[in-house]
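A.B. asks: have a look at this prediction, sequence included:
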Amino acid sequence: MSRIASVLLPMPLPEAFDYAEPEGMGLSVGDQVAAPLGPRLLRGVVVELREAAGGNRKLKAVDRRLDEPPLPPNTLQFVQWAARYAVDAPGQSLAIALRGARAPKAKPVRVVRLTGVQPARATPARTKVLEAAAGQTLSAADLARAAGVSSGVVKGLVDEGVLEVLEVAAEAACDAPDLSLPGSELNPSQAAAAGLLNEMVDEPGFNVALLDGVTGSGKTEVYLEAAAHALARDPDAQVLILLPEIALTQAVIARVTTRFGAQPGEWHSGVAPPARRRVWEAVAAGRCRIVVGARSALFLPFTRLQLIIVDEEHDGSFKQEEGFIYHARDLAVVRGKIEQASVILASATPSLETLRNAETGRYRWLRLSARHGTAQLPEIQLVDLRATPPESQRWLSPPLIAAMHETLAKGEQTLLFLNRRGYAPLVLCKACGERMTAPDTDSWLVEHRYSGRLVCHLTGFSMPKPERCPHCGAADSLVSIGPGVERVEEEARQLFPEARVAVFSSDTVFDAREAKRLVESMAEGEIDILVATQAAAKGHNFPKLTLVGVVDADLGLRGGDLRAAERTFQLLAQATGRAGRRDRPGKALLQTYAPEHAVMQALQAQDRDAFVAAEMEERELAKLPPFGRLAAVIASGPDAAQLEAFMREMAQAAPNAEGVEVYGPADAPLSLVRGRRRKRFLVRADRGVDLSAYMSAWRARVKPPAAIRVAIDVDPYSFL
Ligand code: ADP
C-alpha cells in the first residue's frame, strides 16, 4: 500500500501539506524533501507518514528526498511545540530550524603541497618557499606570506610541478573538546554549586537549576565544570550555551576554547552563511559537541542535547520581537524537557519568573553570594542631581567628575554607562518647536554625529541632518536635546583631554570581531574612559575598571511598563557590577533625580532580596507575571477606519473564558509606524489557563482584511 507524507514547508502556512510518497522512496519522519507547491519545488520536512486510506484523493507526489541530514525527532517536536506556544505557523519556527541547512555550502579551499619534484633552478626565494611548505598544506597566498616571497614565486613552482594544487573541504566547524584539561580550582562555594550541578546532570530526565550568583562570583567557571561533566560522562553528549548578545558570545567562546582546548560551534546572525551551514551539519551529525550562540541556536538539530545553559537568563534580548515571536529562555526550558536534558539558568539578577520557580521548588536554587577571591562588590553611591546638577548642556555632575579625576590619577579605568545610542535622542527647531520625526512614524529621530545623520531607531530610516528646519525653513535653528553615548563621549574628552576615551554602542562597534577587539583593549588597560550602552555593561571582566558612572539611572523607569522597575534594577546592578575586580575595590555612582525611589534604594543597599520581595508583592496583587500570564495582540493597517472596524469585530469575537480578561482595543503607544496605524489588545490570564490555546481560538474566529496584519505576542516584553 502507498503512503501519505505530511510535509511542513518553512513558510507562514497554517499546517503541513499531504503528498503521496512515490514507490520505493522509503521516507522517514524528519527527512528533508523537495515537494511541489504550485509551479515551484520547495524544501520541506516530513512530519508524519501514514498509510493511504485508498484512492480517495489524488495527491501530488514528493519530488525527491534531499541528500541532507534529517531533522532529529526531538528537534521536530520542539519546532511544532514552539509554534503552538507562540500561536504562529509551524512553518515559521521550521524556517528558523532550517536556517543553517538552507545556507550556501562553503566552497572547497584550494591548497598547495610539495610533490617531491625538485625545482630546475634554485633561488633564495624558491628555497624559502620549499622550507615553508615542508610537511604542510597551505593556500598559495598563505604560503607566499609564510615564506615572505611574492605570489609569483609560488605560482612558478606550481607551473613547474614542484607544488601541486589540491581542493580540500573547508575547515571543520568545531573541534573535539579535550576533556583531559583541568578546570580552574574552584573555591568552596563554587565547588559546592558545581557538585550539585553535576549531580543534576547525572540524574536521568529533565531538571532545571538557577545558578544565582553576584557579578564576579564565578558562575561561568561553575557552569563550564557542569559542561565538562556532561561531556565526559557520555561520549555523544552535546552542550548548548546561550547568550543574549553577540558581544558576549565572543568572551564566552574564548573561555570555552581555553577550558576545552577547542573552538566551540559559534551560532548567531554575525556568522557568515557558509560557516553557519558547517555548524548546522556538524550539530546534526553529532560531531559538534559544544555550541555557543544567540537565541536561535536553540533551534539547531542536536542529536543528543544533554545540557542547556542560559547565561544572563534575565536579559530581555532573549525575547525575539519580530517575525516568529518567542522568548529563548522559556523555550530553552521547553527544549530541555523534550530532550530530557538538564537546564542551567545563570544570572546575578534573575528574572522574577525564574525566581518564583526557584522559590516554589520547581527549579533547584544555587547561590554564590560572594565574589571570587579577594574581590569585593563595589560601593554604590546615589548622586542626587537636584542637589548637585551638571552645568547647563552637560550631563556629568560634579561628584562624578571628581571621582573620575581620582580614578584617572590612580591609573584606573572608568565606565560611563548610558543606555542610549547616538548623540542626542531628540532634535528640535528652536524657531518653530518642530520635533524631527521619521516620515510616517511617530518616533523621534536620533542624531548621530559619527555618521552625521538623523536616524529612526525603530524603522532604520535615516537622513542627513538638514541645514534648515524642514517645517519653518529657519536656518541654523535645529538644536540637539538630551544626551546619547556620543555626546557623553564628547563631554568626557573635553573634561579629560589627556585621557584615552572610547565609545561602545551598536553604532560604533559593528560586528563580533570589533566588539572583541574593543573588549580586549579595555581589558588590557588601553582605554581610560569607556562610554557604553548595555552592549558593554554585561558579563565582561575588566581588571582595572574601578569606577562605574551611571549617567541617567532614571532612564529605564520612565517607560512605566510591567517590567520597568525590574529591568532597571537588573541593568544597573549589572552595570555597577563591572566595577572592582581582583584586588582593586570599586565604586559606582548613580546619577538620579529620584534617589528615594525603591529601585535606587535597593541598588544602593545592594539588597536584591528586598527589592524582589516588594516587586513580587505588587505583581501578586495585580495577578501579573509570574502570578498570572499576559499576551498581546498588535494589529496594524494603513487605513485608520478599517483598522478601527476590525478591532471592534475582534473585540466582539473574544471568547469568554474563566480567569481571562481582555483589555482594549487601544492605540499602541507607537501608533504610527511606516505609515501603518497600530492598535493593541492586552490579555491577562490566571496561571492555570492555557493562554496559547485561548489566543489561537480567538485568532481563528476572525479573518482580517488583506491590508491588516495581526501579530500575537505571548508573554510580551515590549508594550509599544
Ligand atoms: P560571573 O560569571 O559570576 O560574573 P566569572 O565566572 O566571569 O563570574 O568570574 C569572574 C572572574 O573571576 C573571572 O575573571 C574568572 O576567571 C575569575 N574566577 C572566578 N572563579 C575563579 C576560580 N575558581 N579560579 C580562578 N579564577 C576565577
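C.D. replies: All right, it came through fine.
A.B. asks: burial count for the residue in the stretch 601-720 of the chain that the ligand sits nearest to?
C.D. replies: Nearest to the ligand in the stretch 601-720 of the chain, going by Cβ to the nearest ligand atom, is residue 608, at a distance of 14.3 Å. Heads up, the C-betas are built off the backbone N, CA and C, glycines and all. Residues lying near residue 608 (other Cβ atoms under 10 Å) number 19.
A.B. asks: one more: residue 706?
C.D. replies: Neighbour tally, residue 706, other Cβ under 10 Å: 7.
A.B. asks: and the one 5 residues further on, by the same measure?
C.D. replies: The local packing count at residue 711 equals 17, with neighbours defined by other Cβ under 10 Å.
A.B. asks: and if you look at residue 284?
C.D. replies: 21.
A.B. asks: one more: residue 394?
C.D. replies: Neighbour tally, residue 394, other Cβ under 10 Å: 15.
A.B. asks: tell me the pLDDT of the closest residue in space to residue 648 that isn't next to it in sequence.
C.D. replies: Spatial nearest neighbour of residue 648, excluding adjacent residues (Cβ to Cβ, 6 or more residues apart in numbering): residue 665 at 7.5 Å. At residue 665, the model reports a pLDDT of 93.
A.B. asks: distance of residue 665 relative to residue 654?
C.D. replies: In this view, residue 665 and residue 654 are 10 Å apart by Cβ to Cβ, to the nearest Å.
A.B. asks: now do the shared contacts for these two.
C.D. replies: Common contacts of residue 665 and residue 654, defined by Cβ atoms under 8 Å, 6 or more residues apart in numbering, comprise residue 681.
A.B. asks: for residue 575, see how far away whichever residue of the stretch 401-550 of the chain sits closest to the ligand is.
C.D. replies: Closest residue of the stretch 401-550 of the chain to the ligand, Cβ to the nearest ligand atom: residue 541 (4.2 Å). Per Cβ to Cβ, residue 541 is found 14 Å from residue 575.
A.B. asks: go on, residue 178?
C.D. replies: Counting by Cβ to Cβ, the gap from residue 178 to residue 575 is 36 Å.
A.B. asks: picking up where we left off before, state whether the residue nearest to residue 648 is indeed within a strand.
C.D. replies: Yes. According to DSSP: H, G, I helix; E, B strand; the rest coil, residue 665 belongs to a strand.
A.B. asks: I'd say it and residue 679 touch.
C.D. replies: Yes. With contacts counted by Cβ atoms under 8 Å, residue 665 reaches residue 679, the gap being 4.9 Å.
A.B. asks: show me where the stretch 101-250 of the chain has strands.
C.D. replies: Listed in chain order, the strands of the stretch 101-250 of the chain (DSSP state E, counting those that start in this stretch) span 109-114, 163-168, 207-213, 238-242.
A.B. asks: what residue in the stretch 251-400 of the chain comes nearest to the ligand?
C.D. replies: Residue of the stretch 251-400 of the chain nearest the ligand, by Cβ to the nearest ligand atom: residue 372 (3.6 Å).
A.B. asks: so what pLDDT did that residue get?
C.D. replies: 86.
A.B. asks: over to residue 502?
C.D. replies: Reported pLDDT for residue 502: 93.
A.B. asks: and residue 170, by the same measure?
C.D. replies: On pLDDT, residue 170 comes in at 66.
A.B. asks: what's the neighbour count on residue 168?
C.D. replies: The number of residues packed near residue 168 is 10, by other Cβ under 10 Å.
A.B. asks: re the thing from before, touching, the residue of the stretch 601-720 of the chain closest to the ligand and residue 350? I think so.
C.D. replies: No. When contacts are counted by Cβ under 8 Å, residue 608 is not listed as touching residue 350 (9.1 Å).
A.B. asks: if we can go back for a sec, so what sits against both of residue 665 and residue 679?
C.D. replies: Residues touching both residue 665 and residue 679 by Cβ under 8 Å, 6+ apart: 635, 647.
A.B. asks: so which of those two has more stuff around it?
C.D. replies: Higher neighbour count among residue 665 and residue 679: residue 679, with 22 against 19, using other Cβ under 10 Å.
A.B. asks: can you tell me the element that one falls in?
C.D. replies: strand 676-686 (DSSP states H and E).
A.B. asks: what are the buried residues along that strand?
C.D. replies: Buried residues in strand 676-686, counted by 16 or more other Cβ atoms under 10 Å: 676, 677, 678, 679, 680, 681, 682, 683, 684, 685.
A.B. asks: residue numbers of this protein in contact with the ligand?
C.D. replies: Neighbours of the ligand within the chain, by Cβ under 6 Å from any ligand atom: 184-187, 190, 213, 215-221, 372, 541.
A.B. asks: buried subset of the residues you listed, written for ChimeraX?
C.D. replies: Buried members of the residues of the chain next to the ligand can be picked out in ChimeraX with the line below, counting by 16+ other Cβ under 10 Å:
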select :186,187,190,213,215,216,217,218,219,220,221,372
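A.B. asks: for the residues of the chain next to the ligand, work out which two are farthest apart.
C.D. replies: Using Cβ to Cβ, those reach their maximum pairwise distance at 185 and 215, which is 20.7 Å.
A.B. asks: residues in contact with the residue positioned nearest the centre of the chain?
C.D. replies: Nearest residue to the geometric centre of the chain (Cα atoms, centre = their mean): residue 244, 3.5 Å. Counting by Cβ under 8 Å, 6+ apart, residue 244 touches 294, 295, 311, 312, 315, 316, 317, 318, 538.
A.B. asks: any stretches of the stretch 1-150 of the chain with poor pLDDT?
C.D. replies: 1, 54-57 (pLDDT under 70).
A.B. asks: the strand or helix carrying residue 95 packs against which elements?
C.D. replies: When elements are defined using DSSP H and E, residue 95 is found to belong to helix 90-97. With contacts defined as 3 or more Cβ pairs under 8 Å, 6 or more residues apart in numbering; DSSP states H and E, helix 90-97 has these neighbours: strand 3-8, helix 73-86.
A.B. asks: possible to save those as TSV with mean neighbour count?
C.D. replies: Formatted as TSV, the helices and strands packed on helix 90-97 follow (neighbours: other Cβ atoms under 10 Å):
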stretch	mean neighbour count
strand 3-8	22
helix 73-86	20
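A.B. asks: before we move on, back to that, mind picking the two most distant members of the contacts of residue 244?
C.D. replies: Distance extremes for the contacts of residue 244: the farthest pair is 295 and 538 at 15.1 Å, using Cβ to Cβ.
A.B. asks: torsion angles phi and psi at residue 555?
C.D. replies: The phi and psi values for residue 555, taken as degrees, to the nearest 10, are phi -50, psi -50.
A.B. asks: show me the contacts for the residue nearest to it when sequence neighbours are not counted.
C.D. replies: With Cβ to Cβ, 6+ apart as the criterion, residue 555 has its nearest non-adjacent residue at 6.0 Å, and that residue is residue 419. Shown in contact with residue 419 (Cβ under 8 Å, 6+ apart): 533, 534, 537, 555, 556, 571.
A.B. asks: please indicate which of those residues are buried?
C.D. replies: Neighbour counting with 16+ other Cβ under 10 Å marks 533, 534, 537, 555, 556, 571 as buried within those.
A.B. asks: need the three-state assignment for the residue of the stretch 401-550 of the chain closest to the ligand.
C.D. replies: Classified using three-state DSSP, residue 541 is coil.
A.B. asks: let me know the pLDDT of it.
C.D. replies: pLDDT at residue 541 comes out at 79.
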